[in-house]
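Asker: return atomic coordinates for the entry below.
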Amino acid sequence: MKTANRSMRYRTRLLSLVVILPLIAVLLLSTPALAAPVVILTPATGVAGTEVTITGTVFDSYRGDTVHIFFDNMEIGNSPLTVPDSGEFTVLFTIPSSATSGRHWIRVKSEVGSTSFLAENFFIIDEPLLILDIYDGQVGTEVTISGFGFYAGRTVTLYYYNVVDGLISTMTASPEGRFSLNFIIPGSTGGVHVITASNAEGNSAETEFEVIPELTLNLASAGPRELLTATGTGFGHRSKVNITLGTGTVATVRTDDYGNFEIEFNVPELRPNPYDVKAQDEVGNIDVAKFTITAGANLDKTTDSVGSQLTVKGSGFKANEPVYIKYDGQTITTVTADNNGGFTVTFDVPPSSGGNHVITITDGTTTKELVFTVESDPPQDPALMLPSNSSETKSEAFLDWYDVTDPSQPVAYNLQVASDQNFSSLVLVKEGLTESEYNLTGEERLVAIGEPALYFWRVKAIDSAGNESEWTAPWSFYINTPPVPLLLSPAPDCKTDTEVSFNWQAVSSLNPPVTYHFQIAADPDFVSIIFEKTDLLLSDYLLTEEDELELEREIPYYWRIKAIDSANNESAWSTPGSFTIEPSFSFPGWALYTLIGIVVIIVAFFAFRLGRRTAYKPPE
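Answerer: Reported below is the predicted structural model:
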């Protein structure tokens, strides 16, 4: 009976639940449900200085209420605010510079001192970070530095810690707190170097770059005794470095403050083969470069003058075969290599211009080229000697100057003679004179007509290397005319016979002999010349009937003389002299004949009388 009653009660309760539960469900579904408020951050991560948009949503239950917004424990500048009827709000907020890296909460409270939050979300601040695209390499390596987590829009300064702090650059971080820079690793000692980045807001980060020692050679191959340059970077600070080639030390050098060095040395006398060149300092930095010794040649000197002796030594050429030595492509000499392919030969530097010249050494298979420099210093300016400055000289002038000595012998000379001091009107040019003198030829003689002629001369020296001195300061000389002859007789305005004797003073010249040009004219201006004689050797002349000159009596005539030397230098005409043929009595022709007849009759009469007296004279 009790069991039956208990079973009945269970069924009644179960039936009640079946009826009540659906009713409760209907009631719950018909009543609006209120969601919890939400805070959304845009962006949700960043750096100090990032501007964040704080969006509050689903604050419907707090319409018209005052809410407070906090960044960690600091209320932001736009707080508090009143929730609008929409139940949503938006606030801008800048992450402060004091914020450290990591997670920071942004919370919304109903009261300042409340410990419960209406909503909250977190903002993650990136930690400052430096990343390199490459973390080791030689000096000169280009590295890209990337920075993250720095104050947005603020200046970042980068340093490379070498012997002293070295400023790399300054730049401005992006709104996301990032930057990037390409950077060349400067001269640095070997090992690890710190790179830092920092700003005035306290953000800083660092990373490391390891400098690896490096040895470089200016040549990959060369012959024995040729000059080789070794350059090192990334070695120890002021450390001694030993340079070895093969098994022997060829040079020792000390690095500078930044682990750099450069040294020249001659390739040792080793067989042609590949070798390791090793550089190692006192603190263990080491690097190796590959180098090949080939057949080689060298000069005993690299610069000298034309005509100097130059010795070439070679090794590694074809044994017992001819080796040709060429100077600027022209074969100078030939030598036969010995059993080991070595040789030594000496030759004179040929005439060539100052500067670099290529000496080629070849056996037909191996060719080496060496550079020899001919001195390029100009010779001294010549010193003029004769004719002395402003002096008189002959037309075929003799010009003399002092010899010039120069390492590049022989020295040649250029000579110029001009009629003006600026040498714009040249009358004589001579180039490549081998002697320090020159005598003008008959074709080159200098002429003066009527008055002295002034000339200027200068000289420059040119050595066998083509180096030229300056022109000497010009000297002058003059070519003089013979003196004007002085007329002696006949005296001016004198009367003379028809056979006139003319006489004048003899003159001399630096260009003997002197001849005379004689003229007689009927007028003082010598427009009407009636008699003329040239090339007279004596200083007189007798005018005779043979000259067939009929001079009228009582009429004045004029005469003059000028002198001409063997170089055709002519004096001016003398001042004209004058003379007159004196008058004389003369019979008419008929009277002369009558007189002659009378004389003949008288002579005949006296001859007849004398003959008769002789015939009738009585005997004694």
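Asker: just the strands from the stretch 251-400 of the chain, written as ranges.
Answerer: Counting by DSSP state E, counting those that start in this stretch, one finds strands in the stretch 251-400 of the chain at the ranges 261-266, 273-281, 286-293, 296-299, 303-304, 309-315, 322-327, 330-336, 343-348, 355-362, 367-374, 384-386, 391-393, 398-401.
Asker: using JSON lines, please lay out those together with mean pLDDT and distance to residue 112.
Answerer: (C-beta placed from N, C-alpha, C; glycine too.) Output for the strands of the stretch 251-400 of the chain, formatted as JSON lines (pLDDT from 0 to 100; distance: least, CB to CB, whole Å):
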{"stretch": "strand 261-266", "mean pLDDT": "94", "distance to residue 112": "70"}
{"stretch": "strand 273-281", "mean pLDDT": "93", "distance to residue 112": "68"}
{"stretch": "strand 286-293", "mean pLDDT": "93", "distance to residue 112": "68"}
{"stretch": "strand 296-299", "mean pLDDT": "84", "distance to residue 112": "91"}
{"stretch": "strand 303-304", "mean pLDDT": "89", "distance to residue 112": "91"}
{"stretch": "strand 309-315", "mean pLDDT": "90", "distance to residue 112": "96"}
{"stretch": "strand 322-327", "mean pLDDT": "94", "distance to residue 112": "100"}
{"stretch": "strand 330-336", "mean pLDDT": "93", "distance to residue 112": "103"}
{"stretch": "strand 343-348", "mean pLDDT": "92", "distance to residue 112": "102"}
{"stretch": "strand 355-362", "mean pLDDT": "92", "distance to residue 112": "89"}
{"stretch": "strand 367-374", "mean pLDDT": "90", "distance to residue 112": "89"}
{"stretch": "strand 384-386", "mean pLDDT": "93", "distance to residue 112": "110"}
{"stretch": "strand 391-393", "mean pLDDT": "90", "distance to residue 112": "119"}
{"stretch": "strand 398-401", "mean pLDDT": "94", "distance to residue 112": "111"}
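Asker: which one of those strands lies nearest to residue 137?
Answerer: strand 286-293 (12.8 Å; CB to CB).
Asker: centre of the chain versus the closest one, how much separation?
Answerer: The chain centroid and the centroid of strand 286-293 are separated by 36 Å, computed with CA atoms, centre = their mean, to the nearest Å.
Asker: what does it contact?
Answerer: Outside strand 286-293, the residues within contact range by CB atoms under 8 Å, 6 or more residues apart in numbering are 212-217, 219-224, 228, 230, 232, 234, 245, 267-268, 270-280, 316.
Asker: derive a PyMOL selection command for the buried subset of those.
Answerer: Per 16 or more other CB atoms under 10 Å, the buried members of the contacts of strand 286-293 correspond to this PyMOL selection:
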select buried, resi 212+213+214+215+217+221+222+223+224+228+230+232+234+245+267+272+275+277+278+279+280+316
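Asker: inside helices: which ones of the contacts of strand 286-293?
Answerer: Judged by DSSP state H, helices contain none of the contacts of strand 286-293.
Asker: measure the closest residue to residue 88 other than its chain neighbours to residue 440 for me?
Answerer: In this structure, residue 88 finds its nearest non-sequential neighbour in residue 57, 4.9 Å apart by CB to CB, 6 or more residues apart in numbering. Separation of residue 57 from residue 440 (CB to CB, to the nearest Å) stands at 117 Å.
Asker: now swap in residue 115 and tell me
Answerer: Counting by CB to CB, the gap from residue 115 to residue 440 is 125 Å.
Asker: neighbour count for the two, which is higher?
Answerer: In terms of neighbours (other CB atoms under 10 Å), residue 440 is the more surrounded of residue 115 and residue 440; the figures are 19 against 6.
Asker: what distance do you get for that one to residue 286?
Answerer: Distance of residue 440 to residue 286, computed by CB to CB: 77 Å.
Asker: sorry, back to before: the residue nearest to residue 88 bridge partners, please.
Answerer: residue 38 (DSSP bridges).
Asker: list the contacts for it?
Answerer: 37-38, 40, 87-88.
Asker: ok, how many other residues are close to the nearest residue to residue 56 once chain neighbours are set aside?
Answerer: Closest residue to residue 56 apart from its sequence neighbours, by CB to CB, 6+ apart: residue 89 at 4.7 Å. Neighbour count for residue 89, taken as other CB under 10 Å: 18.
Asker: quick check: residue 89 touching residue 80?
Answerer: No - with contact defined as CB atoms under 8 Å, residue 89 does not reach residue 80; the gap is 11.0 Å.
Asker: wait, what's in contact with residue 560?
Answerer: Counted by CB under 8 Å, 6+ apart, residue 560 has contacts 487, 518-519, 521, 526, 573-577.
Asker: show the buried residues in those residues.
Answerer: Buried, going by 16+ other CB under 10 Å: 487, 518-519, 521, 526, 573-574, 576-577, out of these.
Asker: I'd like the residues you listed laid out as JSON lines, including distance to residue 202, pLDDT and secondary structure.
Answerer: Formatted as JSON lines, those follow (distance: CB to CB, whole Å; pLDDT from 0 to 100; DSSP: H, G, I helix; E, B strand; the rest coil):
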{"residue": "487", "distance to residue 202": "120", "pLDDT": "92", "secondary structure": "strand"}
{"residue": "518", "distance to residue 202": "120", "pLDDT": "93", "secondary structure": "strand"}
{"residue": "519", "distance to residue 202": "119", "pLDDT": "92", "secondary structure": "strand"}
{"residue": "521", "distance to residue 202": "121", "pLDDT": "92", "secondary structure": "strand"}
{"residue": "526", "distance to residue 202": "117", "pLDDT": "93", "secondary structure": "coil"}
{"residue": "573", "distance to residue 202": "112", "pLDDT": "93", "secondary structure": "coil"}
{"residue": "574", "distance to residue 202": "115", "pLDDT": "91", "secondary structure": "coil"}
{"residue": "576", "distance to residue 202": "118", "pLDDT": "93", "secondary structure": "coil"}
{"residue": "577", "distance to residue 202": "122", "pLDDT": "90", "secondary structure": "strand"}
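Asker: please tell me I have it right and residue 375 contacts residue 305.
Answerer: Yes - using CB under 8 Å, residue 375 makes contact with residue 305 at a distance of 5.0 Å.
Asker: now the common contact residues for those two.
Answerer: 407-408, 465.
Asker: tell me which of those residues fall in helices.
Answerer: Per DSSP H, these never map to helices.
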